[in-house]
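Undergrad: Give me the fold of what follows.
(one chain, ligands or ions: 1)
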Amino acid sequence: MSSQTNKAFFDQFFPGDFWSSLDRSRFVEEDHSMFGDEHIFEFLIRTMRPQEIVEIGSWKGHSANYMMDLCKKNNIDARVVCIDTFLGGPEHWVLPGGLETLHRELGRPTILERFLGNTLARGNAGKIFPLTSDSYAASEILRLTDFKADLIFVDAGHDPVSVRNDIMRYYPRLSETGVMFGDDYQYEPLADTVHACARELGVQVLVSARKWVFANEALMRRITVPDVQVRQSFEGWVHP
Ligand SMILES: C[S@@+](CC[C@H](N)C(=O)[O-])C[C@H]1O[C@@H](n2cnc3c(N)ncnc32)[C@H](O)[C@@H]1O
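TA: Sure, this is the predicted structure:
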């Protein structure tokens, strides 16, 4: 995909001086993540060589920076648009130990400050862009600006309704050869949702540990990772 495709989007929301215009004294560096399953990120990036990546659910930036580091390692000139309210999900507010990870000030989580600080520290300023919006509104922003992505990672709300909405709203944003993948396949209701969406969209589901992948034909031809399996339904979950 030519990076010219999304030029209007970046010119409008993230012009050249976007990163330099941010007040860096407010940035915080804090390496905190729930990240895992690195091999599937590596497989998808090396195989599909995406230029335009969208991540729905970025938290403090680890997965986005991991994808960008992989792109740099593989000489891919990519950028990542990170869609997040940067306010945390219910799991962060309610589960034991979650509230502290929000580092609230004035009652508001300071996740964005940490996302920006971590991204700067990892040398990816100018390559990763926070679209500070809920996933529904952001899907409209991408639709109205005709944004196209080569890789979309779904990792925001983890309840079946949110996952279904994210899959169905963002799937049309994929480029012709684009691939969508997401987290938390280990939860059966969520896995069932993923399979129901795949049937509606007419795509195959690949599963690798906790990640699901909607594979296009180009990707199906190149499956080499031994623990990636094609699945028609949940059939349990196997940790590699
Ligand atoms: C599991 S975390 C993402 C983790 C990140 N991908 C990583 O691996 O480091 C989920 C994130 O989704 C965001 N989120 C949850 N529901 C959302 C929604 N409806 N719209 C936008 N962001 C949402 C939360 O703020 C949180 O930062």
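Undergrad: next helix or strand past the lowest-mean-pLDDT helix or strand in the chain?
TA: Between all helices and strands in the chain, the lowest mean by mean pLDDT, DSSP states H and E belongs to helix 217-221, at a mean of 78. The element immediately downstream of helix 217-221 (helix or strand, assigned by DSSP states H and E) is strand 229-231.
Undergrad: Tell me who's in contact with the most centrally placed residue in the chain.
TA: Compute the mean C-alpha point of the chain, and by C-alpha atoms, centre = their mean the closest residue is residue 55, 2.3 Å away. When contacts are counted by C-beta atoms under 8 Å, 6 or more residues apart in numbering, residue 55 touches 63, 64, 67, 80, 81, 82, 83, 152, 153, 155. All C-beta spots, glycine's among them, are computed from the backbone N, C-alpha and C.
Undergrad: Get me the contact residues on the chain for the ligand.
TA: Along the chain, the residues adjacent to the ligand under the rule C-beta under 6 Å from any ligand atom are 33-35, 57-59, 62-63, 83-89, 111, 134-135, 155-157, 162.
Undergrad: Show me which of the residues you listed are buried.
TA: With burial judged by 16 or more other C-beta atoms under 10 Å, the buried subset of these is 57-59, 62-63, 83-86, 88-89, 111, 135, 155-157, 162.
Undergrad: These in strands, which ones?
TA: Here DSSP state E is the test, and these give 83, 84 as lying in strands.
Undergrad: Which positions in stretch 202-215 come out as buried?
TA: Under the neighbour-count criterion of 16+ other C-beta under 10 Å, stretch 202-215 has 203, 205, 206, 207, 208, 209, 210, 211, 212, 213, 214, 215 buried.
Undergrad: Would you mind measuring from the second one to the ligand?
TA: Yep, that's residue 205 we're talking about. Distance, residue 205 to the ligand, by C-beta to the nearest ligand atom, to the nearest Å: 20 Å.
Undergrad: all strands for this structure, in order.
TA: 52-56, 79-84, 128-132, 149-154, 174-182, 204-208, 211-215, 229-231.
Undergrad: Can you lay out those strands as JSON lines showing mean pLDDT?
TA: Formatted as JSON lines, the entries for the strands of the chain read as follows, by pLDDT from 0 to 100:
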{"stretch": "strand 52-56", "mean pLDDT": "98"}
{"stretch": "strand 79-84", "mean pLDDT": "98"}
{"stretch": "strand 128-132", "mean pLDDT": "98"}
{"stretch": "strand 149-154", "mean pLDDT": "98"}
{"stretch": "strand 174-182", "mean pLDDT": "95"}
{"stretch": "strand 204-208", "mean pLDDT": "91"}
{"stretch": "strand 211-215", "mean pLDDT": "93"}
{"stretch": "strand 229-231", "mean pLDDT": "82"}
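Undergrad: Could you verify my assumption that residue 164 touches residue 200?
TA: No - Residue 164 lies out of contact with residue 200 (C-beta atoms under 8 Å); the separation is 9.6 Å.
Undergrad: low pLDDT regions in the protein?
TA: Using pLDDT under 70 as the threshold, the predicted model of the chain has low-confidence ranges 1-3, 224-227, 237-240.
Undergrad: which residue packs closest to residue 149, ignoring adjacent ones?
TA: residue 54 (4.3 Å; C-beta to C-beta, 6 or more residues apart in numbering).
Undergrad: repeat for residue 220
TA: Once flanking residues are discounted, residue 220 sits nearest to residue 204: 6.3 Å by C-beta to C-beta, 6+ apart.
Undergrad: Also residue 78?
TA: Excluding the flanking residues, the one nearest residue 78 by C-beta to C-beta, 6+ apart is residue 71, at 4.0 Å.
Undergrad: contacting residues for the residue lying closest to residue 9 once chain neighbours are set aside?
TA: Residue nearest to residue 9 in three dimensions, not counting chain neighbours: residue 145, with 4.5 Å by C-beta to C-beta, 6+ apart. Contact analysis of residue 145 by C-beta under 8 Å, 6+ apart lists 6, 8, 9, 12.
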